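S.K.: what would the 3D arrangement of this be:
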Amino acid sequence: MVGLMGAGKSSIGRRLASRLDLPFVDADSEIEAAAGCTIAEFFERHGEAAFRDGERRVIARLLDGPRKVLATGGGAFMDEDTREAIGRSGISVWLRADLETLVRRTSRRSDRPLLNNDDPAETLKNLMETRYPIYEQADIDVESDDGPPDQTVDRVVAALEAFKAAGTDSAS
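M.R.: Next comes the predicted model:
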């Protein structure tokens, strides 16, 4: 699962994992466990570059394990090595949401280091402009709106089935 913070990677990912009878792993939680502190604390102490380096290593380790639904952090897919690792090991699903939805969802939490500023909406808008062209490289693109989460999961499952069918058809 890739996408901006607030797109629903963790909440939809958990539901998707349950539907597919797979384990769910949140990369951010794994990074916090490895670092022994929150992501916000890590950013404050070591900066974004050090965080991204650790994130790359943790995601690579997680991709080497058994099949799972993996929710990545919002910036993880921006890293070329991480994108390539995901491409080799799995199917990338971009949960795409509009700015209004992202602002509403992210305003509920204060643990997002990139949004701890005077204008989180402008920050999200800038992140969308920078990241959406890269997220478009994901294998699957699914709209994450404010409808019931199970409807988004239904869209992800349908997109996964179509993606797998297309891969099977082209291999014949």
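S.K.: how about the strands in this structure?
M.R.: In the chain, the strands defined using DSSP state E lie at 24-26, 69-71, 93-96, 140-143.
S.K.: need those strands in a markdown table (columns: mean pLDDT and distance to Thr123).
M.R.: C-betas here are computed from N, CA, C, even on glycine. Listed next are the strands of the chain as a markdown table, based on pLDDT from 0 to 100; distance: least, C-beta to C-beta, whole Å:
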| stretch | mean pLDDT | distance to Thr123 |
| --- | --- | --- |
| strand 24-26 | 97 | 22 |
| strand 69-71 | 97 | 21 |
| strand 93-96 | 98 | 18 |
| strand 140-143 | 97 | 22 |
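S.K.: nearest to Gly8, of the ones you listed?
M.R.: Nearest of the strands of the chain to Gly8, taken as C-beta to C-beta: strand 93-96 at 5.3 Å.
S.K.: against which helices or strands is the top helix by length along the chain packed?
M.R.: Ranked by residue count and defined by DSSP state H, the top helix of the chain is helix 149-171. Contact here means 3 or more C-beta pairs under 8 Å, 6 or more residues apart in numbering; DSSP states H and E; on that basis helix 149-171 packs against helix 9-20, strand 93-96, strand 140-143.
S.K.: and with 6 Å instead?
M.R.: helix 9-20, strand 140-143 (3 or more C-beta pairs under 6 Å, 6 or more residues apart in numbering; DSSP states H and E).
S.K.: of those, which is nearest Val58?
M.R.: Comparing the helices and strands packed on helix 149-171 by C-beta to C-beta, helix 9-20 comes nearest, at 15.2 Å.
S.K.: what lies in contact with that closest one?
M.R.: Here helix 9-20 makes contact (C-beta atoms under 6 Å, 6 or more residues apart in numbering) with Met1, Gly3, Phe24, Asp26, Val69, Ala71, Leu95, Pro149, Thr152, Val153, Val156.
S.K.: go ahead and confirm the first one touches Trp94.
M.R.: This points to Met1. No. Counting by C-beta atoms under 6 Å, Met1 stays clear of Trp94, with 8.3 Å between them.
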